[in-house]
Structures are given as structure tokens and as C-alpha cells.
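Q: Give me a model of this one.
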Amino acid sequence: MLRKFLDQPVWVKILRGLALALVIAGITVYTPTPYILNAPGRAVPVSSIINIEDSRSGPVDGQYLMTTVLSEKATLLLCIYAMLDPAASLSSDQVENESHRAQSPPEGGQMELAQYISTRVALEELGFHLEGEFVGLRVLGLTPDSPNKNSLRPGDLLLSLNGQDRIALTSFRTMVEGTADEQVLKATVKREDKNLPIQLKTATLEGKRRIGAVLRPEYTSVELPVKVEFHSGNTSGASGGLVFALEIYDRLNREKDLARGRVIAATGTLDPAGQVGAIEGLRFKLVGAERAGADTFLVPRENWPEIQNIATSMTVVPVSTFEEALHALE
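A: The predicted structure is shown next:
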């Protein structure tokens with residue numbers, strides 16, 4: 001058999017070798033596995049995402065980076081990649097992975113909210129006086145293990161909780177986390193222009209008491225004094241809030257050079273009061289920021305214990321508010 005193969009013309013050997021290589025490549029690229037790949041994703045320059053149409057806007061002397069995490073079902077090829085990249089990891093807990101995705105709002109709702117809030121926070125820090133009334137908490141989706149599948153629907157507007165009207169998201173979370181087993185919370189939701197009384201159940205999910213719903217603060221619409229457009233492509237999630245606000249603030253602040261030639265990565269959610277919230281996958285984002293050449297990395301203070309002992313060439317600064325982030329960069 002071997003002699004017969006060796007006696008064949010060279011071009012036949014090459015064609016057969018190429019065909020075998022293509023078969024092996026196809027198997028590694030497309031063969032699924034029971035694992036999930038988690039790895040550092042791209043660090044995207046925020047200047048490519050945000051466009052500001054205003055005469056007061058100018059270029060940033062430096063660069064702001066939005067960090068991302070790569071998380072997807074692993075093929076054989078991605079499993080090989082995970083073995084070669086020390087920062088990557090494989091997880092077989094697909095149920096948990098599906099649960100995390102289920103908590104993300106449909107159609108990029110979190111990203112749209114992050115863009116709006118980051119614009120408001122940056123403009124208010126620059127001295128613009130903006131109006132807009134908080135009206136409640138919008139239900140964007142329910143998790144697969146939600147105990148309230150029969151009482152809540154996506155699109156509901158939560159108006160009150162235990163007699164408190166227009167309760168803020170942070171206060172809502174505190175109230176829910178303080179509940180005990182079998183305890184219910186009395187709530188009012190607006191659904192199809194009707195106010196309905198409901199009872200919310202709580203359950204221990206991911207180590208905390210939750211209602212199993214994705215919520216976002218809802219405000220009356222207001223026309224912002226500066227036109228800010230976002231082109232985020234396939235990027236989703238709320239963790240870009242902090243870095244979006246920094247980019248907008250630096251472009252519109254002609255009296256102060258905030259970046260000063262540095263490459264600055266930042267991650268963290270942002271609420272309308274300028275509070276920086278925790279995010280997932282920080283250790284992956286840390287590696288991604290460093291690989292992209294960042295000098296400084298701003299992270300949520302709540303996540304700081306996850307990475308404080310990881311060696312890095314960057315200056316890593318934990319922050320709790322947008323104002324703290326500005327002071328850290330000055």
C-alpha cells in the first residue's frame with residue numbers, strides 16, 4: 001500500500017494531501033463539543049463607535065477602549081485555541097451559560113440604555129441641565145428559572161413595590177435581596193395602559209435573592225442638547241456605559257485634556273446618578289485591555305477583589321462613580 005502511494009505522480013500526492021488537510025480542517029472548525037469557550041475579546045476604540053455632531057466636539061488626545069469577552073459554544077478548533085491561550089477557559093456548564101444570555105434584554109436593550117444613560121451622565125457633568133422624569137422599571141425579559149413567569153411579562157412597567165412608588169433600581173434590588181423564603185412583595189405594574197396589582201415571588205438565583213427578571217429604569221423621553229450617535233455593531237450589553245461617558249465627556253470638554261495621550265480602557269455599567277456598577281468577565285477584560293496596549297484600566301470597585309492580585313503592566317483603578325473616574329484620570 002505504501003509502495004503504491006509512493007509510486008504515484010507528485011501532483012496526485014499533493015492533491016490527496018490537500019484533500020486530507022481540508023477534511024481535517026473542516027472537522028476541527030465545525031465539529032461541536034459540550035463546552036463553552038470564554039476568552040478575552042476585542043478591545044474596541046470608542047471613537048469608532050460614537051459620533052458627535054456638535055461644534056463643541058473635538059478629537060481626543062489619546063484613545064478610549066471598550067473591552068469585550070468572547071463567549072460561545074466551542075468547536076474542536078476553539079478547544080485547541082483554549083489550550084494554547086492561558087487566558088482562555090472552557091466550561092461545560094451550558095445551563096448557566098444559557099441563563100446568563102437569558103438575562104440580557106432582547107434586541108440590544110441593555111446597550112441602548114447604556115448609550116442613553118452615558119450621554120446624559122456626561123452632559124450633566126459638563127454642566128448641561130437635562131430634564132426627564134423617572135416613571136418606573138421596565139421588564140425587559142424573564143430568566144428561565146424565574147419564579148414570576150405567571151405574573152410578569154416582558155414590557156411590563158413596574159410602578160410600585162410594597163407601597164413605594166417609582167422605586168429606583170438600587171432600592172428595588174436591596175428590597176428584594178432582603179426577602180426570605182416564601183415571602184412575596186406586593187407590586188403594581190402597568191400593562192397595556194392598565195395598572196394591575198401583582199405579587200412578586202423571590203428565589204435564590206446565582207447566590208442572591210432575585211425575582212428572575214431583567215429590569216431597566218424608564219424615563220420620559222427628552223431631547224438631548226447634543227446629538228450623539230452610536231454605531232456599536234454586534235456589541236451588546238450594558239458594561240460600556242462608563243467608557244462611553246468618558247469618551248463623550250472628553251470630546252466635549254474643550255477646557256481640559258482628560259486622556260493626555262494615554263490609551264485608557266474602562267468597563268462598568270452606569271446608572272443615571274453616575275454610579276458605576278459591576279460587570280461579568282472582568283479577568284478576561286483585563287487581559288484584553290493589556291493586549292490592546294492600554295496604559296490605564298478603570299474597573300468597577302465592586303469587581304476589584306476579582307483581579308486585585310493579578311499581575312499586569314497597566315495602572316488599574318477601581319471606581320464607584322463617574323466623578324471618581326474623572327478624578328482618577330486628571
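Q: all contacts plus neighbour counts: C-alpha atoms, from now on.
A: Fine.
Q: pretty sure residue 303 belongs to a helix, no?
A: Yes - the assignment for residue 303 by DSSP: H, G, I helix; E, B strand; the rest coil puts it in a helix.
Q: contacting residues for it?
A: The contact partners of residue 303, taken as CA atoms under 8 Å, 6 or more residues apart in numbering, are 278-279, 282.
Q: Where does pLDDT dip in this protein?
A: 1-31, 74-82, 93-110, 221-222, 233-237 (pLDDT under 70).
Q: Please repeat the previous calculation with a cut-off of 50.
A: Counting by pLDDT under 50, the chain contains low-confidence ranges at 2, 94-108.
Q: and residue 87, how many neighbours does it have?
A: 15 (other CA atoms under 10 Å).
Q: Report the secondary structure state of it.
A: The three-state assignment at residue 87 reads coil, by three-state DSSP.
Q: One more: residue 260?
A: coil.
Q: Just give me the neighbour total for it.
A: Counted with other CA under 10 Å, the neighbours of residue 260 add up to 14.
Q: The one 4 residues further on now?
A: Residue 264 is flanked by 25 other residues according to other CA under 10 Å.
Q: okay if I get the contacts of residue 303 as JSON lines plus distance to residue 199 and neighbour count?
A: As requested, these are arranged in JSON lines below (distance: CA to CA, whole Å; neighbours: other CA atoms under 10 Å):
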{"residue": "278", "distance to residue 199": "28", "neighbour count": "17"}
{"residue": "279", "distance to residue 199": "29", "neighbour count": "17"}
{"residue": "282", "distance to residue 199": "35", "neighbour count": "22"}
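Q: I'd like the residues you listed as CSV, with distance to residue 173 and secondary structure appended.
A: Shown next, in CSV, are the contacts of residue 303 (distance: CA to CA, whole Å; DSSP: H, G, I helix; E, B strand; the rest coil):
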residue, distance to residue 173, secondary structure
278, 14, coil
279, 16, coil
282, 22, helix
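Q: Please give me every residue in contact with residue 145.
A: Residue 145 touches residue 212, counting by CA under 8 Å, 6+ apart.
Q: any idea how far it lies from residue 205?
A: 8 Å (CA to CA, to the nearest Å).
Q: Does residue 317 touch residue 299 like I think?
A: Yes - the pair residue 317 and residue 299 qualifies as a contact (CA atoms under 8 Å) at a distance of 6.2 Å.
Q: who has more neighbours, those two?
A: Taking neighbours as other CA under 10 Å, residue 317 and residue 299 compare with residue 299 leading, 28 against 18.
Q: how close does the closest residue to the more buried one other than its chain neighbours sit to residue 156?
A: By the measure of CA to CA, 6 or more residues apart in numbering, the closest residue to residue 299 outside its immediate chain neighbours is residue 318, 4.9 Å from it. Applying CA to CA, the value for residue 318 to residue 156 is 35 Å.
Q: Output stretch 58-72 as CSV, restricted to C-alpha atoms.
A: Coordinates of each C-alpha in stretch 58-72 appear next as CSV, following Å, rounded to 0.1, in the frame of the first residue of the first chain:
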residue,chain,number,x,y,z
GLY,A,58,-13.2,67.9,19.3
PRO,A,59,-10.8,64.9,18.9
VAL,A,60,-9.4,63.1,22.0
ASP,A,61,-5.7,63.3,22.5
GLY,A,62,-5.4,59.6,23.2
GLN,A,63,-7.8,56.7,23.0
TYR,A,64,-10.6,55.1,25.0
LEU,A,65,-11.1,51.3,24.6
MET,A,66,-14.3,49.3,25.3
THR,A,67,-13.3,45.8,26.4
THR,A,68,-15.3,42.7,25.5
VAL,A,69,-15.5,39.0,26.4
LEU,A,70,-15.6,36.2,23.8
SER,A,71,-18.2,33.6,25.0
GLU,A,72,-19.5,31.0,22.6
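Q: Okay, buried residues for it please.
A: Within stretch 58-72, the residues that qualify as buried are 60, 63-69, 71, counting by 16 or more other CA atoms under 10 Å.
Q: Over to residue 285: give its phi and psi.
A: With angles defined as degrees, to the nearest 10, residue 285 sits at phi -70, psi -30.
Q: Would you confirm that it contacts residue 65?
A: No - counting by CA under 8 Å, residue 65 is not a contact partner of residue 285; they are 10.7 Å apart.
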